[in-house]
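Enquirer: pasting a predicted model and its sequence here:
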Amino acid sequence: MWDNQRHQDVNEPQEAVVIDGISELTTNDEANGGRVADAALVVEGDRIAWVGPSRAAPPADRRVDLAGRAVLPGWVDSHTHLVFAGDRTAEFEARMAGEPYAAGGINVTVQATRAASDADLEGNIERLVAEARRGGTTTIETKTGYGLTVTDEVRAARLAGRHADAVTFLGAHVVPAGADPDEYVALVAGPMLDAVAPLVTAVDVFCEVGAFDEAATRRILDVARARGMARRLHGNQLGHGPGAQLAVEYGALSVDHLGFLTDDDIAALASSWAGAGRGTVATVLPACDLSTRMPLAPARRLLDAGAVVAIASNCNPGTSFTTSMAFSVATAVLQMGLTVQEAVRAATLGGAIALGMDEAGWLDPRGAAQPAVGVIGPGRRADFQVLDAPSVTHLAYRPGVPLTSAVWRAGIREV
Ligand SMILES: N=CN[C@@H](CCC(=O)O)C(=O)O
Ligand SMILES: [Zn+2]
């Protein structure tokens with residue numbers, strides 16, 4: 001029977017642990033059609049060593065019996081903003097009373113974040129990463145963007161890099177209160193980017209009315225591309241804009257939000273995957289769409305057109321104060337028209353593709369090369385979650401119920 005004790009010895013070199021009694025194993029691996037019934041898997045060190053039907057499981061040093069529970073990859077949350085202080089409860093209450101969301105609220109968090117100590121900021125990141133882990137998240141990206149001075153953005157990147165698997169530079173979040181817009185864009189694309197570059201893995205711009213227009217977005221993306229840095233965009237969140245098309249043009253890893261897309265935008269995102277290289281992932285943020293009372297991103301149309309879709313939490317104090325990927329998945333199923341399997345894939349492998357972590361050798365913020373994530377298959381990082389349910393269908397069938405009962409990351413049971 002599955003016990004709830006943490007297994008401290010799992011990461012001993014080459015110890016083989018067979019996880020057996022899996023009613024349904026979601027692998028995201030084409031080698032087995034993405035799913036294996038009555039399955040087992042073997043963990044060795046920090047990797048998956050074997051996956052297959054229970055009856056064929058090889059001998060191992062230790063056996064864990066899941067007694068008919070479902071296993072799936074750990075969530076890969078490819079979009080969060082965890083480096084902040086303060087909260088925006090009052091703004092949320094006003095929104096629920098009918099006020100529209102406006103990007104200007106970001107400056108409220110900027111003031112609180114600048115005033116906070118390193119210890120307070122780091123404690124907040126740690127708490128939120130731990131909360132995400134309890135909910136099944138094994139890989140998490142986070143962004144700067146509530147500092148908006150060279151010193152504060154560097155501090156955010158440094159603190160984020162101690163706890164997140166990927167750190168994105170979002171100096172181009174909004175123009176800080178009192179700053180000249182042109183001068184601020186020059187600062188972001190110049191000295192600020194120079195200072196944060198060693199600490200981050202990608203550059204992001206909030207391309208939206210009230211944040212950065214097309215010309216400013218191009219200016220920053222041109223510099224990021226010339227430096228060989230990965231690009232991503234916040235786009236098409238508050239209205240239709242050029243974000244999705246710019247993301248494809250600049251070969252961005254992802255464009256995120258996407259509540260306002262034309263057929264042409266959807267076609268561009270889909271056709272970005274037509275060639276041999278990587279395209280741009282369409283990342284939808286269901287919890288944010290609900291919390292801002294904005295239109296839901298057209299995830300169904302994106303998938304039908306052939307786009308690669310990711311689901312992320314967008315955890316931040318303004319538009320989406322949740323780390324729950326399970327809630328995001330359930331919402332994508334119940335409100336956006338995805339099947340459970342599509343939503344689970346988007347929240348695991350989709351996120352890994354959006355972060356460039358679906359292939360081995362990606363570098364974490366400490367500079368260590370990591371095995372691929374998002375798939376449960378031989379050689380992949382041993383990141384997976386156990387549900388207190390017989391299938392992933394229960395994630396949407398029983399919405400709001402905390403079904404994740406164990407979480408393994410890099411071969412270690414952490415929850
Ligand atoms: N859209 C831009 N940035 C965040 C919101 C940040 C905030 O309101 O504090 C987002 O992804 O939703
Ligand atoms: Zn965001």
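Expert: Sure thing, it's come through. Ligands and ions are numbered 1, 2, ... in the order given.
Enquirer: what about the one residue in the chain that gets nearest to ligand 1, how many residues close to it?
Expert: Here the chain gets closest to ligand 1 at one residue, residue 318, 2.3 Å apart by C-beta to the nearest ligand atom. For the C-beta atoms, the positions are set from N, CA and C on the backbone; glycine is no exception. When neighbours are counted by other C-beta atoms under 10 Å, residue 318 registers 25.
Enquirer: that one and residue 306, how far apart?
Expert: 32 Å (C-beta to C-beta, to the nearest Å).
Enquirer: ok, now residue 150?
Expert: For residue 150, the distance to residue 306 (C-beta to C-beta) stands at 41 Å.
Enquirer: repeat that for residue 220.
Expert: Computed as C-beta to C-beta, the residue 220 to residue 306 distance reads 29 Å.
Enquirer: neighbour-wise, which of these two wins?
Expert: The residue with more neighbours, out of residue 220 and residue 306, is residue 220; 25 against 15, by other C-beta under 10 Å.
Enquirer: what does the chain have sitting close to ligand 1?
Expert: The chain comes close to ligand 1 at residues 81, 105-106, 109, 206, 234, 237, 288, 314, 316-319, as judged by C-beta under 6 Å from any ligand atom.
Enquirer: in the stretch 51-200 of the chain, which spans are strands?
Expert: Taking DSSP state E, counting those that start in this stretch to define them, one finds strands in the stretch 51-200 of the chain at 62-73, 75-77, 137-143, 166-172.
Enquirer: just name the most buried of those.
Expert: Mean neighbour count, computed with mean count of other C-beta atoms under 10 Å, is highest for strand 75-77 among the strands of the stretch 51-200 of the chain, reaching a mean of 32.
Enquirer: need the contact partners of that strand.
Expert: Contacts of strand 75-77 from elsewhere in the structure, counted by C-beta atoms under 8 Å, 6 or more residues apart in numbering, are 132, 135-141, 310, 312-313, 315, 323, 325-326, 347-352, 354-355, 357, 373-374, 385.
Enquirer: how about stretch 172-186?
Expert: Residues from elsewhere that reach stretch 172-186, judged by C-beta under 8 Å, 6+ apart: 103-104, 106-107, 110, 145-146, 148-149, 188, 204-206, 210-212, 216-217, 219-220.
Enquirer: over to stretch 312-322?
Expert: 77-82, 84, 86-88, 91-92, 101, 105-106, 109, 128, 132, 141, 256, 283-285, 287-288, 291-292, 323-325, 328, 347, 351, 354.
Enquirer: ok, of those, which come out buried?
Expert: Among these, the ones that count as buried by 16 or more other C-beta atoms under 10 Å are 77-82, 84, 86, 88, 91-92, 101, 105-106, 109, 128, 132, 141, 256, 283-285, 287-288, 291-292, 323-325, 328, 347, 351, 354.
Enquirer: mean confidence (pLDDT) on stretch 87-96, please.
Expert: The pLDDT scores in stretch 87-96 average 96.
Enquirer: next one: stretch 30-44
Expert: In this model, stretch 30-44 carries a mean pLDDT of 98.
Enquirer: could you point out the helix or strand that follows the helix or strand residue 270 falls within?
Expert: For residue 270, the enclosing helix or strand under DSSP states H and E is helix 263-271. Sequence-wise, the next helix or strand downstream of helix 263-271 (DSSP H and E) is strand 281-284.
Enquirer: quick one: the residue nearest the centre of the chain from residue 309, how far?
Expert: For the chain, the residue sitting closest to the mean C-alpha position, by C-alpha atoms, centre = their mean, is residue 78 at 1.7 Å. Relative to residue 309, residue 78 is positioned 11 Å away (criterion: C-beta to C-beta).
Enquirer: what is in contact with these two at once?
Expert: Contact with both residue 78 and residue 309 is made by residues 281, 283, 350, according to C-beta under 8 Å, 6+ apart.
Enquirer: residues in contact with residue 362?
Expert: When contacts are counted by C-beta under 8 Å, 6+ apart, residue 362 is found next to 355, 356, 369, 370, 372.
Enquirer: pLDDT score for it?
Expert: In the predicted model, residue 362 carries a pLDDT score of 98.
Enquirer: who's it bridged to?
Expert: residue 370 (DSSP bridges).
Enquirer: quick one on the thing from earlier: what's the closest of the shared contacts of residue 78 and residue 309 to residue 29?
Expert: Residue 29 has its nearest neighbour among those in residue 350, at 14.6 Å by C-beta to C-beta.
Enquirer: report the contact partners of residue 86.
Expert: 108, 109, 111, 112, 113, 116, 317.
Enquirer: could you rerun that using 6 Å?
Expert: residue 112 (C-beta atoms under 6 Å, 6 or more residues apart in numbering).
Enquirer: wait, doesn't residue 253 sit right on residue 232?
Expert: Yes - when contacts are counted by C-beta atoms under 6 Å, residue 253 is listed as touching residue 232 (5.3 Å).
Enquirer: more neighbours, those two?
Expert: Between residue 253 and residue 232, counting by other C-beta under 10 Å, residue 232 is the more crowded of the two (31 against 26).
Enquirer: gap between that one and residue 186?
Expert: Taking C-beta to C-beta as the measure, residue 232 falls 21 Å from residue 186.
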